[in-house]
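Trainee: no letters, just coordinates:
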């Protein structure tokens, strides 16, 4: 009996201690909700023979997504601050990308940020589920529409199935009516840094406006409690990201610069025939960006070069099947043999260049425009070039604090060139209703 009483008292003491410790954390809660109504002049994509990939198509629809962020921060007497941040997303996840909005479904509930941070005079350490330093540091280059070339427009190209990224994204194209992954997942971001992934990175203190960072991710696609120990189950392994950011104010002009470089081991590849897994090119990519702000006007330029990162550099030829009939009759047996995989020599690097500009006409009204061009492989496993060109115009009007209307017009062209696919061009209009809190 006494043991039970002592155990109960100990549990209460532990709970009281935990409550006292938790009470010292400062909690903050925020988020946003967006609903997009879109119209597209190309309601369905075509196969190589010209047939519609969707029999009964339409040209309008709504998409939506909500996010909530919970942050807990503690500050020690020594001046050390630390805590955790988690961002939960409801319906309409981003295909594991920081910038490209995937369609998602109403049942989609996930998180793209769940990390621990420690800040001090030494700088900052961040560990957990998060985007890379480069992707986190430059933030959005636009304050209007849905994001210009990296906005929601790709979801309204070609009637892509809900839950799949639209073929207008720089990293996808249409080959024979099928979405095919290519080189980049975003026009203006650094590969892998743009993906929500288990990682750790360190950021130095600011020296005259300059900060630097180094980060590491064991694998790409690593999330949550899953431990990925198979190198052939992911595109890249042992990824390192180096980055730097600078901010300087010169009278009425503000200059911001960003640079990032990431490298890692490609998939080793293994097996033949049914067990064949292609080797991929090592990761070696860099990104540069700059933004100038002068009064109500802003202008930015972004360049990304991923080279041949992630391209499958092996092809497995079809097997040769030999039938053997035993002498004197009996059961015919068959055996299939495969030649050693051959090396691919693709010539197309994945690059993108984009320009953004916006102007605050009134405190509650901003107008903007952007231009972007992506050139890269038509597929990570088939030789050929793919190009996407995007022009966009947009605005943002603040109806009330936290409530914004963001119209956007996009003109796009997809040129598949050598790939056995089809070229596309069209116009898209999207009206976003956004609430932030």
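Mentor: Thanks, I have it. Not measured: the values here are computed from a predicted model. Residues are numbered from 1 along each chain as shown.
Trainee: buried residues, stretch 202-209. List them.
Mentor: For stretch 202-209, a neighbour-count test (16 or more other C-beta atoms under 10 Å) marks 202-203 as buried. Just so you know, the C-beta spots here come from the backbone N, C-alpha and C atoms, and that holds for glycine as well.
Trainee: now the strands for the stretch 301-437 of the chain?
Mentor: Counting by DSSP state E, counting those that start in this stretch, the stretch 301-437 of the chain has strands at residues 314-315, 320-324, 333-337, 342-343, 350-362, 365-377, 385-400, 403-415, 424-436.
Trainee: adding distance to residue 299, mean neighbour count and mean pLDDT, write those strands out as TSV.
Mentor: Converted to TSV, the strands of the stretch 301-437 of the chain look like this (distance: least, C-beta to C-beta, whole Å; neighbours: other C-beta atoms under 10 Å; pLDDT from 0 to 100):
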stretch	distance to residue 299	mean neighbour count	mean pLDDT
strand 314-315	43	16	58
strand 320-324	59	9	63
strand 333-337	60	10	63
strand 342-343	44	10	54
strand 350-362	5	19	91
strand 365-377	10	21	88
strand 385-400	15	20	89
strand 403-415	18	20	91
strand 424-436	23	18	90
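Trainee: put together a markdown table for those strands, with distance to residue 63 on each row.
Mentor: Below are those laid out as a markdown table (distance: least, C-beta to C-beta, whole Å):
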| stretch | distance to residue 63 |
| --- | --- |
| strand 314-315 | 37 |
| strand 320-324 | 47 |
| strand 333-337 | 46 |
| strand 342-343 | 41 |
| strand 350-362 | 22 |
| strand 365-377 | 20 |
| strand 385-400 | 16 |
| strand 403-415 | 13 |
| strand 424-436 | 9 |
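Trainee: ok, which of the ones you listed comes nearest residue 38?
Mentor: Residue 38 lies closest to strand 424-436 among the strands of the stretch 301-437 of the chain, at 4.5 Å (C-beta to C-beta).
Trainee: partner strands of the closest one and their direction?
Mentor: The strands beside strand 424-436 in its sheet (DSSP bridges) come out as strand 26-40 (antiparallel), strand 403-415 (antiparallel).
Trainee: I'd like the next helix or strand past the longest one.
Mentor: Later in the chain than strand 26-40, the nearest helix or strand by DSSP states H and E is strand 60-75.
Trainee: tell me what the next helix or strand after that next one is packed against?
Mentor: Reading on from strand 60-75 to the C-terminus, the next helix or strand found by DSSP H and E is strand 81-90. Helices and strands touching strand 81-90, by 3 or more C-beta pairs under 8 Å, 6 or more residues apart in numbering; DSSP states H and E, are strand 60-75, strand 109-120.
Trainee: residues of the shortest one that come out buried?
Mentor: If you call a residue buried by 16+ other C-beta under 10 Å, then strand 109-120 has these buried ones: 111-115, 117, 119.
Trainee: and what of stretch 76-90?
Mentor: Going by neighbour count (16+ other C-beta under 10 Å), the buried part of stretch 76-90 is 82-90.
Trainee: re the thing from before, of the strands of the stretch 301-437 of the chain, which approaches residue 263 most closely?
Mentor: Closest among the strands of the stretch 301-437 of the chain, using C-beta to C-beta: strand 350-362, at 15.0 Å.
Trainee: partners of that closest one in the sheet?
Mentor: Assessed with DSSP bridges, strand 350-362 is paired to strand 297-307 (antiparallel), strand 365-377 (antiparallel).
Trainee: against residue 117, how distant is residue 71?
Mentor: Between residue 71 and residue 117 the computed distance is 9 Å (C-beta to C-beta, to the nearest Å).
Trainee: any shared contact partners between these two?
Mentor: 83-85 (C-beta atoms under 8 Å, 6 or more residues apart in numbering).
Trainee: adding distance to residue 261 and pLDDT, write the residues you listed out as JSON lines.
Mentor: Below are those laid out as JSON lines (distance: C-beta to C-beta, whole Å; pLDDT from 0 to 100):
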{"residue": "83", "distance to residue 261": "29", "pLDDT": "96"}
{"residue": "84", "distance to residue 261": "28", "pLDDT": "97"}
{"residue": "85", "distance to residue 261": "26", "pLDDT": "97"}
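Trainee: relative to residue 267, which of those residues is nearest.
Mentor: residue 85 (31.3 Å).
Trainee: re the thing from before, for the shared contacts of residue 71 and residue 117, could you give me a markdown table that also reports distance to residue 231?
Mentor: Output for these, formatted as a markdown table (distance: C-beta to C-beta, whole Å):
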| residue | distance to residue 231 |
| --- | --- |
| 83 | 34 |
| 84 | 30 |
| 85 | 30 |
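Trainee: quick revisit: what's the farthest-apart pair in the buried residues of stretch 76-90?
Mentor: Across the buried residues of stretch 76-90, no pair lies farther apart than 82 and 90, at 27.9 Å, counting by C-beta to C-beta.
Trainee: was I right about residue 353 contacting residue 372?
Mentor: Yes: under the criterion of C-beta atoms under 8 Å, residue 353 makes contact with residue 372 at 7.0 Å.
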